[in-house]
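S.K.: Fold the stuff below for me.
(one chain, ligands or ions: 1)
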Amino acid sequence: MPKVALATLGCKVNQYETQFLRECLIQAGFREVSFKEKADFYIINTCSVTERADHKSEELIKAAKKNGSNAHLIVTGCYAEAGKDNLRKRFPQIDLVLGNKEKLKIPRIITGPNENHEDTKSFIQTFHAHSRAFVKIEDGCDQFCSYCRVPYVRGAKIKSRAPDEVLKEVESLILNGFKEIVLVGVNLALYGRDLDPSISLVDLLRGMQCFEETTRVRLSSLEPHLLPSGLIDLMGSCSLICAHLHLPLQSGDPEILQRMGRKYSPDQYRRLVENIKRTVPSVAITTDVMVGFPGETQRQFLNTYHFVREIEFSRLHIFRFSPRIETRAYSMQPRVEEKVKKERSNYLRELGKDLAQNFASCFLGESLRVLVEETVDSKTGWFSGYTDNYIRASFKGENELKNKLVMARLLSANQGEVLGEVEKVFSC
Ligand code: SF4
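M.R.: All right, here's what the predicted structure looks like:
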């Protein structure tokens, strides 16, 4: 039995694609081993969203070579897509560099013609080492924000999966015990625009309402200006969809947003959030903020800081601007010093902690649905999981709680996380 080791960096779309490769290879007779063990094949699914991601991709390439000196080394993903020739030149030990478009052909390339690989397989059935399963429904982004490499490495053409195929995949994951499905895409809000007849994310979600009794669905990042119409009303009226939206803000300064090529103003973003909170009062709005975009002044950074505080996000993901070749922002001047970027991200990180604590405190005394994902301490029987509105909750219980949906009463909050007690276990 040939042995394969898989490593993944980056987004949930990449993680989904690795799972797809994993299942194809296992069906074709491979045995998966950890990346630290000796394998016959090492497959690295890279990321290139920042310079740091490029660096991590290279570290994995070096580690793979050390672990299995005679093994075959295959590098794929966004870093491979962005610099095939450069990678081949710098790491002659790589046997194959394949971009995103060729990624799913890897099983066929290494096993030869086989009825079990991607030619016949169109969906995944489980999700390795996760209690939530990611389901990729869309690929590609045509927005070309000035700092973002994604349209170049993932393609600017929107490619959506047929709704029947998505529903079949979701059903199979539910049958295999998954209670939370996370819908993911490169630009999820554009789902269905390219299908004939075109549909929207809302249509797809309506088709999933039959799973409402047993499952919950979380949406990954959605571009605020592209939010599909009807989504918020659907979210407010059915328990299938988690009350959680990740809406990347990037900046709270109108001029910076414009130079980033983001197609909304802070005012429009504010109105959108007000509307969402009116319809779904328990909603968690999480976001990405980028600090140190070229030319960002202290005043513009403070505009972002105050805006973030005003919106009361429940969680922040803070990035420092990283110049990506081919993008418009690559040549924008003046670059902000690393030291300043670090200071700005630290400020926001502190604010993020306060906001998370404030948000969690709002729900003390309430009972919320939680998917029990992790055993915190098996001896004392402590478990944890996330509420629909993405608050991490811990409570005592029996082992059987693992992977169950429960109702938990939230009792106290500390640093944005809560302690609670289980009131009811859903029977499904
Ligand atoms: S919408 Fe998102 S993925 Fe698309 S270019 Fe902008 S930041 Fe990148």
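
S.K.: Going by C-alpha atoms from here, please, whenever you check contacts or count neighbours.
M.R.: Noted.

S.K.: which secondary structure element contains the nearest residue to Q125 once chain neighbours are set aside?
M.R.: Nearest residue to Q125 in three dimensions, chain neighbours excluded: L173, at 5.3 Å (C-alpha to C-alpha, 6 or more residues apart in numbering). In this structure, L173 sits in helix 163-175 according to DSSP states H and E.

S.K.: buried residues in that helix?
M.R.: Buried residues in helix 163-175, counting neighbours by 16 or more other C-alpha atoms under 10 Å, are found at P163, V166, L167, E169, V170, E171, S172, L173, I174.

S.K.: So the nearest residue to the second one once chain neighbours are set aside: helix, strand or coil?
M.R.: Yep, that's V166 we're talking about. The shortest distance from V166 to any non-neighbouring residue, by C-alpha to C-alpha, 6+ apart, is to I137 (6.7 Å). Recorded secondary structure, I137: strand (DSSP: H, G, I helix; E, B strand; the rest coil).

S.K.: Report how many residues lie close to I137.
M.R.: Counted by other C-alpha atoms under 10 Å, the residues lying close to I137 total 23.

S.K.: wait, what's in contact with it?
M.R.: Listed by C-alpha atoms under 8 Å, 6 or more residues apart in numbering, the contact set of I137 reads S160, R161, V166, L183, V184, G185, L188, Y191.

S.K.: Mind checking which of those are buried?
M.R.: Buried members of the contacts of I137, scored by 16+ other C-alpha under 10 Å, are S160, V166, L183, V184, G185, L188, Y191.

S.K.: Return the subset of the residues you listed lying in helices.
M.R.: If you go by DSSP state H, these have V166 in helices.

S.K.: nearest to E212, of the buried ones among the contacts of I137?
M.R.: Nearest to E212 out of these is L183 (C-alpha to C-alpha; 15.0 Å).

S.K.: So that closest one is in contact with V217, correct?
M.R.: Yes. Assessed by C-alpha atoms under 8 Å, L183 is found in contact with V217 at 7.2 Å.

S.K.: what's near enough to touch the residue in the stretch 201-350 of the chain positioned nearest to the ligand?
M.R.: Proximity of the stretch 201-350 of the chain to the ligand (C-alpha to the nearest ligand atom) peaks at E223, 6.2 Å away. By C-alpha under 8 Å, 6+ apart, the contact set of E223 is N187, L188, A189, L247, P248.

S.K.: and of these, the nearest to G292?
M.R.: Distance ranking of the contacts of E223 against G292, using C-alpha to C-alpha, places P248 first at 15.9 Å.

S.K.: still on that earlier bit, pLDDT score assigned to the residue nearest to Q125?
M.R.: Note for L173: predicted pLDDT of 97.

S.K.: contacting residues for it?
M.R.: Neighbouring residues of L173 by C-alpha under 8 Å, 6+ apart: I124, Q125, T126, A133.

S.K.: Mind checking which of these land in strands?
M.R.: Within the contacts of L173, residues falling in strands by DSSP state E are A133.

S.K.: could I get the contacts of L173 as TSV with neighbour count and distance to L419?
M.R.: Conversion of these to TSV gives the following (neighbours: other C-alpha atoms under 10 Å; distance: C-alpha to C-alpha, whole Å):
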residue	neighbour count	distance to L419
I124	22	34
Q125	19	33
T126	23	30
A133	27	25
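
S.K.: Let me have the contacts of L173 in TSV, extended by distance to E212 and pLDDT.
M.R.: Shown next, in TSV, are the contacts of L173 (distance: C-alpha to C-alpha, whole Å; pLDDT from 0 to 100):
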residue	distance to E212	pLDDT
I124	21	95
Q125	19	94
T126	19	95
A133	16	97
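
S.K.: Which ones among the contacts of L173 lie within helices?
M.R.: Counting by DSSP H, none of the members of those fall within helices.

S.K.: so which of the contacts of L173 comes closest to D196?
M.R.: I124 (24.1 Å).

S.K.: Disregarding residues adjacent in the polypeptide, which is nearest to that closest one?
M.R.: Closest residue to I124 apart from its sequence neighbours, by C-alpha to C-alpha, 6+ apart: F20 at 5.8 Å.

S.K.: Next, count neighbours for that neighbour.
M.R.: F20: 22 surrounding residues under other C-alpha under 10 Å.

S.K.: tell me which residues in the helix or strand hosting it are buried?
M.R.: Under the criterion of DSSP H and E, F20 resides in helix 12-27. Within helix 12-27, the residues that count as buried by 16+ other C-alpha under 10 Å are 12-27.

S.K.: got the CA positions of that helix in PDB?
M.R.: What follows is helix 12-27, C-alpha atoms only, in PDB (Å, rounded to 0.1, in the frame of the first residue of the first chain):
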ATOM      1  CA  LYS A  12     -11.300  26.600   3.800                       C
ATOM      2  CA  VAL A  13     -11.500  26.100   0.000                       C
ATOM      3  CA  ASN A  14      -8.000  24.700   0.100                       C
ATOM      4  CA  GLN A  15      -8.900  22.400   3.000                       C
ATOM      5  CA  TYR A  16     -12.000  21.100   1.100                       C
ATOM      6  CA  GLU A  17      -9.800  20.400  -1.900                       C
ATOM      7  CA  THR A  18      -7.300  18.500   0.200                       C
ATOM      8  CA  GLN A  19     -10.100  16.400   1.600                       C
ATOM      9  CA  PHE A  20     -11.200  15.600  -2.000                       C
ATOM     10  CA  LEU A  21      -7.700  14.500  -2.900                       C
ATOM     11  CA  ARG A  22      -7.500  12.400   0.300                       C
ATOM     12  CA  GLU A  23     -10.700  10.500  -0.400                       C
ATOM     13  CA  CYS A  24      -9.700   9.900  -4.000                       C
ATOM     14  CA  LEU A  25      -6.300   8.600  -3.000                       C
ATOM     15  CA  ILE A  26      -7.600   6.400  -0.200                       C
ATOM     16  CA  GLN A  27     -10.200   4.900  -2.600                       C
END
